[in-house]
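1. Quick one: sequence and predicted model below, then my questions.
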Amino acid sequence: MFSARLDAGAVQNELAILLDKKRKLGVAICDLICSNPTKCDFDFYSSIDRREFSSSDILRYDPQPFSHVNLRKKVAGLIGVEDESGIVAASSTSELYSWILKLLCDPGDDILVPAPGYPLFGQLASLDSVDCHSYSLIYENDKWSLDIKRIRHSIGNRTKAICVVSPNNPTGSYLTEPELTELSSICNEFNLALIVDEVFFDYRLALGDKNPITASSNKECLTFVLNGLSKMLCLPQVKLGWMNVSGPDEKRSEALRRLEFIADAYLPVSALIVSAFSSLIDKREIIQREVLERINKNWHILKEFSDRHGWRMLDSEGGWYACVRVGKDSWRFAIDLLDRCDTYIHPGCFYDFREDDVLVFSLIVQTNLLTEGLGRISA
Ligand SMILES: Cc1ncc(COP(=O)(O)O)c(C=O)c1O
């Protein structure tokens with residue numbers, strides 16, 4: 001009866017079973033990988049007025065496939081592109097990934113995704129009957145970079161796109177200008193599209209000394225750059241994502257023409273968010289200031305703890321995560337920490353790390369929760 005897209009045999013892993021069991025027993029878990037900002041006790045939420053979602057505009061229905069032109073114009077201004085013609089909004093970046101896959105791929109085609117990387121790529125792709133093949137990020141001389149040679153070798157005759165996350169989740173590495181140039185030329189050579197996920201773009205750590213580049217205006221190859229309110233304003237529950245489509249004129253217009261068909265089938269984002277968008281965006285600075293303060297502070301606490309305990313924190317330039325090499329099997333260690341200290345941290349294998357001794361922490365958790373968790377581990 002059911003589609004083969006869903007893995008019927010999928011079972012919960014040992015860590016998830018243990019977590020469920022503890023939660024059902026009412027154990028207070030010290031969750032050091034929480035990345036739901038609404039559970040991280042930020043003060044800025046009190047500055048968001050619910051009345052922003054109650055404009056009289058919401059009583060008129062004016063369906064435009066890529067969403068209301070005013071919203072698209074605001075997004076274009078926000079990300080610094082010429083105009084709104086390439087801006088497509090949807091209810092999340094996850095939905096936009098699905099539209100891009102529908103646009104580019106037939107069942108059985110594949111896309112290349114980074115490893116270590118965002119764990120949801122596999123699921124999103126499989127829901128569209130698309131395969132994910134990973135390419136490695138290399139960690140050398142305390143810096144992450146794309147393994148361009150490996151990307152070339154991973155391209156098969158059914159590959160349709162290369163995905164990059166900048167800064168990457170969880171390694172925190174930004175795409176560099178030379179990497180963007182090389183990727184664009186590979187995409188042109190093999191007739192592929194480039195997908196750049198910039199949802200964490202604004203969260204550059206104070207330690208990172210460079211100004212990251214955005215791929216938003218890349219005209220060298222067909223490029224989709226994704227972002228949204230989920231991370232930009234820490235409002236995943238508001239449900240708004242967007243992308244800018246850029247590239248050589250002919251490919252870009254053809255992509256937009258076909259995307260319009262897809263978008264039209266799903267109908268545009270809620271009028272509630274369209275009406276609230278501009279006042280929400282005005283809060284961007286207040287929101288990001290508090291988040292950046294938190295992630296920088298947590299980064300230093302974790303670094304200091306790592307140095308004292310013989311762990312090694314991997315370099316990061318931005319984003320909401322920190323990766324630490326702990327010098328022992330991180331899968332068993334994560335289970336042990338949850339079992340014995342009620343402290344929940346992800347092992348690197350969830351993100352496809354090659355090394356088996358990496359733990360991944362969230363940097364947006366309340367600082368006192370992080371110190372409490374580290375205290376438990378130390379004890
Ligand atoms: C790299 C990356 N892209 C996209 C998303 C999902 O964003 P959205 O809520 O817009 O679907 C996440 C969520 O954690 C993410 O880590």
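-> Great, that's in hand. Model, not experiment: these values are computed from the prediction.

2. you'd agree Trp242 is in a strand?
-> Yes. Inclusion of Trp242 in a strand is indicated when DSSP: H, G, I helix; E, B strand; the rest coil is applied.

3. Residue numbers of the stretch 1-150 of the chain in contact with the ligand?
-> Where proximity means Cβ under 6 Å from any ligand atom, the interface of the stretch 1-150 of the chain facing the ligand comprises Ser92, Thr93, Ser94, Tyr118. (Glycine included, C-beta is placed from N, CA and C.)

4. what's the closest non-adjacent residue to the last one?
-> Nearest in space to Tyr118, with sequence neighbours left out and distances taken as Cβ to Cβ, 6 or more residues apart in numbering, is Asn169 at 4.6 Å.

5. Would you mark the buried spots in stretch 30-41?
-> Of the residues in stretch 30-41, those buried by neighbour count under the rule 16 or more other Cβ atoms under 10 Å are Cys30, Asp31, Leu32, Ile33, Cys34, Ser35, Pro37, Cys40.

6. buried stuff in the lengthiest helix in the chain?
-> Longest helix in the chain, counting residues (DSSP state H): helix 284-309. Of the residues in helix 284-309, those with enough neighbours to count as buried (16+ other Cβ under 10 Å) are 287-288, 290-292, 294-296, 298-299, 302-303, 305-306.

7. correct me, but Lys102 touches Ser129?
-> No. Proximity of Lys102 to Ser129 does not meet the contact threshold set by Cβ atoms under 8 Å, at 10.2 Å.

8. Disregarding residues adjacent in the polypeptide, which is nearest to the residue in the stretch 201-350 of the chain that the ligand sits nearest to?
-> Residue nearest to the ligand within the stretch 201-350 of the chain (Cβ to the nearest ligand atom): Ser230, separated by 3.3 Å. What sits nearest to Ser230 in space, not counting adjacent residues and going by Cβ to Cβ, 6+ apart, is Pro236, at 4.1 Å.

9. per-residue confidence for the one you found?
-> With respect to pLDDT, Pro236 scores 97.

10. State the distance from Gly375 to the ligand.
-> 27 Å (Cβ to the nearest ligand atom, to the nearest Å).

11. did I read that right, that residue in a helix?
-> Yes. Using three-state DSSP, the secondary structure at Gly375 is a helix.

12. For Trp242, which residues count as its bridge partners?
-> Ala89, Asn227 (DSSP bridges).

13. so it makes contact with Ser91?
-> No. Using Cβ under 8 Å, Trp242 is not in contact with Ser91; the gap is 10.4 Å.

14. quick one on the thing from earlier: remind me what the longest helix of the chain packs against, helices and strands.
-> Helices and strands in packing contact with helix 284-309 are listed as strand 312-313, strand 321-325, helix 367-378; criterion 3 or more Cβ pairs under 8 Å, 6 or more residues apart in numbering; DSSP states H and E.

15. hang on, the earlier thing: mind checking how far the residue nearest to Tyr118 is from Leu267?
-> For Asn169, the distance to Leu267 equals 29 Å [Cβ to Cβ, to the nearest Å].

16. which one of these two has more residues nearby?
-> When Asn169 is set against Leu267 and neighbours are counted by other Cβ atoms under 10 Å, the residue ahead is Asn169, at 23 against 12.

17. and the gap between the more buried one and Asp315?
-> The gap separating Asn169 from Asp315 is 15 Å, by Cβ to Cβ.

18. Lys239 now?
-> When Cβ to Cβ is the yardstick, Lys239 and Asp315 sit 33 Å from each other.

19. got it, and Lys231?
-> Relative to Asp315, Lys231 is positioned 21 Å away (Cβ to Cβ).

20. do the same with Pro347
-> To Asp315, Pro347 is 20 Å away according to Cβ to Cβ.
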